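Engineer: Curious how this folds, go ahead:
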Amino acid sequence: MSLIVILKFFHFLGLFLAGGLGVANSLLAKEHLLVKEAPSAAVQKTMAKLAKIGLIALVLLWITGFGLAYQIYGGMNLGWAFNMKLLGATVLLGAVIFANVYPPSKFKKGEVPDPKIMKIVPMIARGSLVLVLLGIAITTSAS
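Structural biologist: Coordinates of the predicted model:
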């Protein structure tokens, strides 16, 4: 089995995990915001675990993505669309790191995260994901 196949397998695994966990956590957070109550302790722990696994999945995506870029294309100089993808991936990583730090810190204080902030973070994450998907679609399409 070639290194590229192994890297792609783990890259796709990271995509699967990051996407699913991101959707699950967003749905949980949105439901609790709608009813204007803090999640129970068990739900808070579950959300924290989902966020941590999602962060690990994104790190896996970054590591395997670098490996794939160098194995398939010989480097990271793949043009403006790839740079757009990297910008989106960087913003997405920042949003996920924020999601791993901010809500748990509020929950530990017995407070609910600021609804305005929690409404903006998913929008930033979705917007950055659009950049990632569009950038990689353009980069990997035949010219």
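
Engineer: hey, let's count contacts and neighbours off CA atoms from now on
Structural biologist: Noted.

Engineer: quick one: the residue lying closest to Tyr70 once chain neighbours are set aside from Thr64, how far?
Structural biologist: Excluding the flanking residues, the one nearest Tyr70 by Cα to Cα, 6 or more residues apart in numbering is Met76, at 6.8 Å. Separation of Met76 from Thr64 (Cα to Cα, to the nearest Å): 13 Å.

Engineer: Off-centre distance for stretch 75-83?
Structural biologist: 20 Å (Cα atoms, centre = their mean, to the nearest Å).

Engineer: Please disregard the earlier target; I meant stretch 81-96.
Structural biologist: Mean C-alpha position of stretch 81-96 versus that of the full chain (Cα atoms, centre = their mean) differs by 9 Å.

Engineer: For it, the averaged confidence score.
Structural biologist: For stretch 81-96, mean pLDDT rounds to 94.

Engineer: Then stretch 25-32?
Structural biologist: 82.

Engineer: in it, what's buried?
Structural biologist: Using 16 or more other Cα atoms under 10 Å as the test for burial, stretch 25-32 gives Asn25, Ser26, Ala29, Lys30.
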